[in-house]
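Peer 1: Okay, predicted coordinates and the sequence, questions at the end:
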Amino acid sequence: MFSHEQRIYSKNMDESKLKEGSCKYHMIGGDGPNSYAQNSEYQKQLLVSAEELIHELIDKHLDLENPPFDPQNTFKIADFGCSIGPNAFFAIENIIAAIVNKYKSNQNKNPNHPIPEFQIFFNDLVDNDFNTLFTNLPTARKYFVAGVPGSFHGRLFPKSTLHFAHCSTALHWLSRVPEAVAKRGSTAWNKGKIHYSGAGEEVKEAYAGQYREDMEVFLNARGEELVDGGLMVLVLIGFRDGVLCSDSSIGGVFDILISCLQDLANMGKISEEKVDSFNLPFYYPSPSELKGLIEANGLFNIERMAELGAPMRRNPDAQVLTSHLRAVIEGLIEEQFGDGIVEELFTIYLDRFAKSPALLDDRCWKETNYFVFLKRKPSFPIAEPLL
Ligand SMILES: C[S@@+](CC[C@H](N)C(=O)[O-])C[C@H]1O[C@@H](n2cnc3c(N)ncnc32)[C@H](O)[C@@H]1O
């Protein structure tokens, strides 16, 4: 007989989950004009709009009367899917400021709680450009830093060692494209498309199934790593219930992208077969889907779910939006088609995108960004093995 805790431990400590596979699910490194560092204002604005909520909720839910700290009084925070900065620094410094405020306001009541030291773990996939991240670390920082390479779809930390987890605009990345979608002959084969947007129900269900599996693994892993009462902030892209991806600017972007790939195939620059088997590993949940997955997992209380603004709506610009897309998916394009077509692809894409007034129209901006604040429930006692 295994307890619930033991079951999730063995599932997540599966050997395969600890292999640090190399893959192209990472942003463009460095700080050149095409880099993620120079093209992540959208993601930055989401963090800005979450700033006050984080202060309010840390103040309310960080339990200083029962702090589960180690004897050195170190507060440990991990940013999952940190990329290469500078957004990660912004997010972490906001979290630290909120925690310090909470300690300071509590000191009159309880002077026995000195402000802790902070240790920050920056996590991303092994091929992430950690060098740029570390080179650009703020020099005046008041925290200690370590990099943690590997997929957040699995365990990355020892049990009960983190106090706070943060993950922004990263959870829409699936651990892989669902197999059936790229398989010729399967009912979910996604020929002629590169995403579930505008595709048949089987394709959408294959993506949704992969997302369910990935979120369960993510929540189980974080549930193991966080101390009881530990806090977690998720910022993620989704669609309100009933809104279709295909009716949105994201769906429109994918339609333009596939038309550009098809043109390159028609010119003989890439193979049609490669276009047919290319699919983007992104899934955008609805709030009720997300809530259902967190509740079914059962390890966290949902303290707050809120909508954040959609930053690019304010000032859409074809060049800026194309550069954002390129910074995020260039690795995937290179992996599938080689690096020879990247420049040409994004030149054609920009031209076509700029001529699609519908995409710059307010009515297409239907994606919604969600803020979720979670608190780790007390863990279940681990059952003694039956003799
Ligand atoms: C759009 S960026 C967001 C970066 C940063 N959090 C921000 O707000 O600007 C998404 C990041 O998630 C990372 N990522 C995707 N899948 C991942 C996984 N399974 N494990 C760890 N990181 C992952 C990507 O490499 C990328 O750096």
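Peer 2: Sure, I can see it.
Peer 1: What helices and strands are in contact with the helix ranked longest in the chain?
Peer 2: Longest helix in the chain, counting residues (DSSP state H): helix 201-225. Under the contact definition 3 or more Cβ pairs under 8 Å, 6 or more residues apart in numbering; DSSP states H and E, helix 201-225 sits against helix 4-12, strand 162-168, helix 287-297. (Glycine included, C-beta is placed from N, CA and C.)
Peer 1: Wondering if the helix or strand harbouring Asn101 reaches the ligand at all.
Peer 2: Remark: Asn101 resides in helix 87-106, with elements defined by DSSP states H and E. Yes. Helix 87-106 reaches the ligand (Cβ under 6 Å from any ligand atom) through Asn87, Ala88.
Peer 1: Kindly export that helix (C-alpha atoms) in CSV.
Peer 2: C-alpha atoms of helix 87-106 as CSV (Å, rounded to 0.1, in the frame of the first residue of the first chain):
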residue,chain,number,x,y,z
ASN,A,87,12.0,39.7,-16.7
ALA,A,88,13.1,37.1,-14.2
PHE,A,89,14.9,39.6,-12.1
PHE,A,90,12.0,41.9,-12.2
ALA,A,91,9.6,39.1,-11.0
ILE,A,92,11.9,37.9,-8.3
GLU,A,93,12.7,41.4,-6.9
ASN,A,94,9.0,42.1,-6.6
ILE,A,95,8.4,38.9,-4.7
ILE,A,96,11.3,39.6,-2.4
ALA,A,97,10.1,43.2,-1.8
ALA,A,98,6.6,41.8,-0.8
ILE,A,99,8.1,39.3,1.6
VAL,A,100,10.4,41.9,3.2
ASN,A,101,7.4,44.2,3.6
LYS,A,102,5.5,41.5,5.4
TYR,A,103,8.4,40.8,7.7
LYS,A,104,8.9,44.5,8.4
SER,A,105,5.2,45.1,9.2
ASN,A,106,5.3,42.1,11.5
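Peer 1: Give me the angle between that helix and strand 162-168.
Peer 2: Orientation note: helix 87-106 sits at an angle of 140 degrees relative to strand 162-168 (axes from the mean of the first three to the mean of the last three Cα atoms, to 10 degrees).
Peer 1: Need the pLDDT of the closest residue to the ligand within the stretch 201-350 of the chain.
Peer 2: Nearest to the ligand in the stretch 201-350 of the chain, going by Cβ to the nearest ligand atom, is Val328, at a distance of 5.7 Å. Note for Val328: predicted pLDDT of 88.
Peer 1: gap between it and Val181?
Peer 2: From Val328 over to Val181 the distance is 20 Å, taken as Cβ to Cβ, to the nearest Å.
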